[in-house]
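K.L.:
kindly generate the corresponding structure for this input.
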Amino acid sequence: MKLVRIVLAGAFMFPAGGAGAATDAMRFHLEEASISDVQAAYRSGATTATRVVQSYLARIQAYDQAGPKLNVVIFLNPRALEEAAAQDEHFRKTGKFVGPLHGIPVLLKDNVNTKDMPTTGGSLSLAGYTPATDAAITQKLRSAGAIVLAKVNLHEFAIWGETISSIRGQTLNPYDLTRTPGGSSGGTGAGLAANFAVAGIGTDTVNSIRSPASANSIVGIRPTLGLVSRAGVIPYSFTQDAAGPLARTVTDAVKMLNVLVGYDPNDPATAWSAGNVEKDYTKFLKSDGVKGRRIGVLRSFFGTAPIHGEVNTVADKAVDDLGRLGATIVELNTPELDSGKISSDISVHLYELKPAINAYLASGNAPVKSLEEIISSGKFHPNIGEIIKKAQSLEMDDGYRLRLQERSELQQRVMKIMADDRLDAIVFPHQQRLVVPIGATQVERNGALGSVTGFPSIVVPGGFSSSTASATLGVPVGIEFLGRPWSENVLIEIVYGYEQATKHRRPPPTAPPL
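P.N.:
Numbering: from 1, shown residues only. The predicted model follows:
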């Protein structure tokens with residue numbers, strides 16, 4: 001309880017400096033604050049990194065295991081206040097920030113290695129395991145000045161899409177406590193939606209950055225495969241895994257992306273990024289970014305049954321808005337593109353889970369050394385039992401090689417569609433129906449097109465479904481934009497222009513300001 005008392009004592013303190021400073025402090029509102037908002041408050045003396053961390057910890061105390069009991073956090077960083085104080089001292093002495101993310105509290109999905117905190121993958125089989133080194137992206141965030149506030153829940157080992165694990169249980173969607181927050185990065189998604197931090201990290205093998213973005217009215221960027229290192233992340237599929245930012249705004253997601261990108265010799269896939277990395281992606285934050293773009297509407301990714309009606313209403317409005325903002329809308333006739341079949345018949349994630357996780361476990365001092373040992377331990381949520389046992393039985397056989405061939409053909413097909421119609425991006429709803437209730441399995445998600453091809457994809461808030469008793473604002477619906485490899489710059493222009501014109505993001509009613 002000592003930490004809690006410290007948090008509450010300091011959460012709303014004003015800085016020294018008289019009435020002017022106190023007035024500045026009163027103008028800073030933590031909830032929905034962006035990176036720019038927080039850092040402007042540091043520069044003006046309105047607040048400090050210490051106080052910002054304290055305030056986020058107070059929100060976690062109020063809403064994670066109390067109030068709506070969102071059940072997001074697996075492990076709080078015990079040194080977060082110490083790290084914030086060190087940054088405050090650096091700024092006081094030098095007048096300079098330590099980096100572009102100075103004093104920005106972030107959430108890490110708990111499959112991202114941290115050398116000073118456990119990394120469990122959400123599994124009791126890895127309870128208490130602390131890696132020897134940070135993941136490459138953890139190192140980059142810390143070097144940029146970000147403060148890792150907490151490790152957060154995920155669907156165990158990032159295996160599915162409801163964010164339930166043996167080590168933390170079920171995370172709730174803050175917009176509708178009867179629903180899941182998507183997954184597998186749902187802890188990051190729900191935590192950012194509820195204002196537990198400024199930004200965060202997710203990973204994505206099939207849907208798992210973009211699904212929580214869609215379900216929690218935030219922004220998620222799945223970068224081109226190879227743009228961001230996966231070294232030090234508990235792997236699922238060498239062919240499909242990606243790590244990327246989640247944030248409440250496109251601007252903050254892009255600022256996060258800036259510090260994550262680049263070649264890492266410990267992840268050979270990043271060699272492909274050489275010559276394809278922008279020095280500063282924020283220069284593509286253009287309010288008229290939609291104007292003049294050719295955007296294809298992937299109608300085969302829209303549902304046609306009554307259950308799809310709520311999502312289709314939002315997605316159709318998004319298409320209309322894109323046209324109103326100056327895009328040329330191209331209706332695509334692609335019945336051969338079926339997101340369910342891409343996931344079930346082409347994706348190689350299940351074939352690669354065993355060798356990928358075995359390689360990770362063998363490289364460290366984890367309490368289990370293989371997927372087989374995880375299964376034998378029984379220390380996993382029953383939700384993933386069937387999947388991990390199937391993965392254990394699979395080999396990289398002719399069936400696997402056929403999928404790789406079909407993946408290559410899918411990449412070629414998408415590139416041809418974009419070339420034939422001179423498209424800058426393809427748009428569709430991330431989910432064909434609303435994110436599922438707790439206890440159900442995610443269905444009809446459309447993220448496999450981006451993950452199987454490895455092409456970049458960004459999800460932004462598109463609006464909400466109709467209000468219900470359990471979802472007074474409605475359930476969030478995310479709109480996905482997919483582009484060619486290394487076209488993050490083009491996608492950023494489009495999604496930023498769309499975001500700025502529509503302003504769909506709303507904070508959840510279950511976690512109001514304290």
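K.L.:
any stretches of the stretch 1-150 of the chain with poor pLDDT?
P.N.:
Scanning the stretch 1-150 of the chain for pLDDT under 70 picks out 1-26.
K.L.:
ok, which stretches of it are helices?
P.N.:
Assigned by DSSP state H, counting those that start in this stretch, the stretch 1-150 of the chain shows helices spanning 2-10, 18-27, 35-44, 49-63, 80-94, 136-143.
K.L.:
okay, those, which one's buried deepest?
P.N.:
Highest mean neighbour count of the helices of the stretch 1-150 of the chain: helix 49-63, a mean of 23 (counted as mean count of other CB atoms under 10 Å). Where you see a C-beta, it was placed from the backbone N, CA and C, and this is true even at glycine.
K.L.:
just to revisit the earlier point, could you dump the helices of the stretch 1-150 of the chain to TSV with distance to Val311?
P.N.:
Converted to TSV, these look like this (distance: least, CB to CB, whole Å):
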stretch	distance to Val311
helix 2-10	39
helix 18-27	38
helix 35-44	30
helix 49-63	27
helix 80-94	38
helix 136-143	31
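K.L.:
ok, which of these comes nearest Arg403?
P.N.:
helix 136-143 (27.7 Å; CB to CB).
K.L.:
angle of the closest one against helix 80-94?
P.N.:
Orientation of helix 136-143 against helix 80-94 (axes from the mean of the first three to the mean of the last three CA atoms, to 10 degrees) gives an angle of 50 degrees.
K.L.:
how about stretch 368-385: buried residues?
P.N.:
Using 16 or more other CB atoms under 10 Å as the test for burial, stretch 368-385 gives Val368, Ser370, Leu371, Ile374, Ile375, Lys379, Phe380, His381, Asn383, Ile384.
K.L.:
reformat the residues you listed as a markdown table; add secondary structure and pLDDT.
P.N.:
A markdown table is the format used below for the buried residues of stretch 368-385 (DSSP: H, G, I helix; E, B strand; the rest coil; pLDDT from 0 to 100):
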| residue | secondary structure | pLDDT |
| --- | --- | --- |
| Val368 | coil | 98 |
| Ser370 | coil | 98 |
| Leu371 | helix | 98 |
| Ile374 | helix | 98 |
| Ile375 | helix | 98 |
| Lys379 | coil | 98 |
| Phe380 | coil | 98 |
| His381 | coil | 98 |
| Asn383 | helix | 96 |
| Ile384 | helix | 98 |
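K.L.:
gap between Gln61 and Val73?
P.N.:
Going from Gln61 to Val73 by CB to CB, to the nearest Å gives 10 Å.
K.L.:
and which of the buried residues of stretch 368-385 is nearest to Asn258?
P.N.:
Of the buried residues of stretch 368-385, the one sitting nearest to Asn258 (CB to CB) turns out to be Ile384, at 34.1 Å.
K.L.:
what about the closest residue to the closest one other than its chain neighbours, neighbour count?
P.N.:
Nearest residue to Ile384, sequence neighbours excluded (CB to CB, 6 or more residues apart in numbering): Ile159, at 4.7 Å. Neighbourhood size, Ile159 [other CB atoms under 10 Å]: 27.
K.L.:
how about Ser466?
P.N.:
With neighbours defined by other CB under 10 Å, the count for Ser466 comes to 10.
K.L.:
in three-state terms, label it for me.
P.N.:
coil (DSSP: H, G, I helix; E, B strand; the rest coil).
K.L.:
closest to Pro456 out of the helices of the stretch 1-150 of the chain?
P.N.:
With CB to CB as the measure, helix 136-143 is the member of the helices of the stretch 1-150 of the chain nearest Pro456 (16.7 Å).
K.L.:
could you export the closest one as CSV, CA atoms only?
P.N.:
What follows is helix 136-143, C-alpha atoms only, in CSV (Å, rounded to 0.1, in the frame of the first residue of the first chain):
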residue,chain,number,x,y,z
ALA,A,136,15.2,-3.9,-29.1
ILE,A,137,12.0,-1.8,-29.1
THR,A,138,12.1,-1.5,-25.3
GLN,A,139,15.7,-0.2,-25.6
LYS,A,140,14.6,2.3,-28.2
LEU,A,141,11.7,3.6,-26.2
ARG,A,142,13.8,4.0,-23.1
SER,A,143,16.6,5.8,-25.1
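K.L.:
what residues does it touch?
P.N.:
Here helix 136-143 makes contact (CB atoms under 8 Å, 6 or more residues apart in numbering) with 99, 101, 106, 108, 112-114, 134, 148, 201, 228-233, 243, 259-260, 264, 266-267.
K.L.:
in the stretch 151-300 of the chain, which spans are strands?
P.N.:
Taking DSSP state E, counting those that start in this stretch as the criterion, the stretch 151-300 of the chain carries its strands at 164-165, 169-170, 199-204, 219-222, 242-247, 294-298.
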